[in-house]
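S.K.: Okay, here's the prediction I keep looking at, along with the sequence it came from:
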Amino acid sequence: MSNMRKKLFNHKLALVLALLASFIVAFPQIYFRFEHGSDGVYQGIELLPDSPWSARAREAQDGHLNFGNIYQKDGKDQPYLFQPLGSIIVGTLGKIFSLDINNTFLLSRFVFTFAVFLLIYSFVFLFSKNKFAALCSAAILILAEATLSFSGLSRLLHGLSPDNFLRIGRPVNPAMVYFFLFAFLASFWLFYKRRNWRYGVLSVVILGLTFYNYFYTWTSLYAFGGLLAAMLIVRGSWREGARVGGVFAAALLLGVPYFINLYNITIFPTYLEVSARIGVLVSHAPSFMGFTMIAALIVFLLWFPREDKERYFFGLALLLTSFITHNQQILTGKVLQEDHYHWFFNKPMALIVVLVALLHLLASRGWHVYKKPLAFLIISASFGIGMFTQVVSYYDDQRDGGTIAIERQRYGPVMKWLNEHAEKESVIFANNEASHMVVIYTPLNVFYHRAVAFSTLSATNVRVFDMMFTFYRLRGVGEEEVRDVFYSERGFISGAIYGIYYRELLSSYEAIPDEKIEEVIAEYQKALATPTEEWLAQIWRQYEVEYLIWDKKSDPLWSLDKFEFLKKRAEFGDVVVYQFDK
């Protein structure tokens, strides 16, 4: 016990900074309750940075752990497209303490920010034996990560928030991504250096779990493991290469259920159309690496310490991994969303390696006196940037903070009414904003959500057309207006029908070809052959809609009160709830 206390005391600054970082990340959610809890504004809709994982954590709390269809009633037993583990962990954390979804997210912000800070610190300290590098790495990745991009740094220099709230504060990810990534790197490094089988077993378990958390983590780690093993073998260390490869081979056994799910995805009837919406492109063309990784590699080759060959090649493998993952399509023919590799693997590894190299450079030149002031400056700046990001986002963010968070409170009474009156698993029809609230704050399903098109194999072409056309029929878009409306809203149509395909292929939703817009127009014109009232009743009956939410302020043209098959059940200011008489 005394040895443990000694270790904790030796790293007390990391513990203190981890606690402070956790408070900064959670503060906007706490302050929003404090500021608006007594003035009648707060109605239970939390200030949550936009994230697809909010609904997934709620889905896990509701007992649907397969994630076949997160948003809708059907398809929940189908193969999952997005791994559920991180969301299950967050949802279960709340269930253990009998917390609602709001307090579940609040607790997770404290717990996982604290844990991730210490895991980053632990890996970098074990890897470099440099507390300053470890503290700086953790502080930057948790609180100032947005400034590692040109756009984020440019915004900050112009007095703007570099991001809309701290990314680590989003429900589930990236906190759970970093949790497993750095837990593995820390344990694997200990196994690699100390050759202790206990750390090897721990590495196998953590790596096996990454299959069920985040696709871009396990693929990055396997590219890293393959590179490291190859380097060892080329250097003549066959036994060491086999030992490293053994960890990655053993973890594959834990991944068998995941690979079965992956196979089931590829043979599913809607696989090709849904994979295109996710942004998977077909190409064997190489991808040019950005400036970040090339600059980091140059710094590494010039100044990274070479005395410890094991550490040197470990760091080199971490950096070269990005060149493999960004060009895997040369072999596979499938272009993935490269940004995910950049955000959650390449950029953190580049930062860590560069910090270790620069601090070593100072030491090698005899400039030890500058190490502590430099570290103090980096850590202080990171915490300052983190606080600035949270404060500015709280008051001025146009996605989730400022007046947006207050405006969303209109849906609070509606969510409460649905929880009290709607049967569990009922289907709700609403606009995108209200639908997003439904899947977070109730155990109900929705007819439409912006993420349906690329998050479930149930999203057939027919279904995504039905979802989109419903809103245009409610707006009264007819034969005469359809062409002008669809061309003027081509970006929305691109995302609703084709997901992020054209954003990935042509760099913009609006870049969707005109002939595709014409195809959508032709399908809509076919639907117009059926009168609107009859068509809507048919669609809502087909998808088992039970209740409808009409936000008169956002959607004044819907005029749901004119349909005889809808019965008004509740009204909260501009928001009305109807029940569909099937």
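M.R.: Perfect, thanks for sending it.
S.K.: which one is the residue positioned nearest the centre of the chain nearest to, not counting chain neighbours?
M.R.: The residue at the geometric middle of the chain, judged as the C-alpha nearest the mean C-alpha position with Cα atoms, centre = their mean, is N173 (4.7 Å). Leaving aside its sequence neighbours, N173 sits nearest to W53 (Cβ to Cβ, 6 or more residues apart in numbering; 5.4 Å). Bear in mind the C-beta positions are built from the backbone N, C-alpha and C, glycine included.
S.K.: Would you mind measuring from that neighbour to Q329?
M.R.: 27 Å (Cβ to Cβ, to the nearest Å).
S.K.: residue ranges for the strands of the stretch 201-350 of the chain, please.
M.R.: 281-282, 334-335 (DSSP state E, counting those that start in this stretch).
S.K.: Same question for the stretch 1-150 of the chain.
M.R.: All residues of the stretch 1-150 of the chain lie outside strands when identified by DSSP E, counting those that start in this stretch.
S.K.: so where's it shaky on pLDDT?
M.R.: Along the stretch 1-150 of the chain, the parts satisfying pLDDT under 70 run over 1-2.
S.K.: if we can go back for a sec, A strand includes the residue nearest to the centre of the chain, no?
M.R.: No - under DSSP: H, G, I helix; E, B strand; the rest coil, N173 falls outside any strand and is assigned coil.
S.K.: ok, now which ones touch it?
M.R.: 51, 53, 86, 214 (Cβ atoms under 8 Å, 6 or more residues apart in numbering).
S.K.: could those residues be laid out in CSV, adding neighbour count?
M.R.: Formatted as CSV, the entries for these read as follows, by neighbours: other Cβ atoms under 10 Å:
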residue, neighbour count
S51, 19
W53, 22
G86, 28
Y214, 25
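S.K.: Tell me the one of these nearest V576?
M.R.: Minimum separation from V576 among these (Cβ to Cβ) is found for S51, which lies at 28.3 Å.
S.K.: Give me the contacts around the strand or helix carrying V177.
M.R.: Assignment of secondary structure by DSSP states H and E places V177 within helix 175-194. Helix 175-194 has contacts (Cβ under 8 Å, 6+ apart) with 85-86, 89-90, 108-109, 112-113, 115-116, 119-120, 122-123, 126-127, 141, 168, 196-197, 199-200, 202-203, 206-207, 209-210, 213-214, 216-217, 221, 244, 247, 310, 314, 344-345, 348.
S.K.: Filter those residues down to just the buried residues.
M.R.: Among the contacts of helix 175-194, those classed as buried by neighbour count (16 or more other Cβ atoms under 10 Å) are 85-86, 89-90, 108-109, 112-113, 115-116, 119-120, 122-123, 126-127, 141, 168, 199-200, 202-203, 206-207, 209-210, 213-214, 216-217, 221, 244, 247, 314, 344-345, 348.
S.K.: What about these, which are in helices?
M.R.: 85-86, 89-90, 108-109, 112-113, 115-116, 119-120, 122-123, 126-127, 141, 199-200, 202-203, 206-207, 209-210, 216-217, 221, 244, 247, 314, 348 (DSSP state H).
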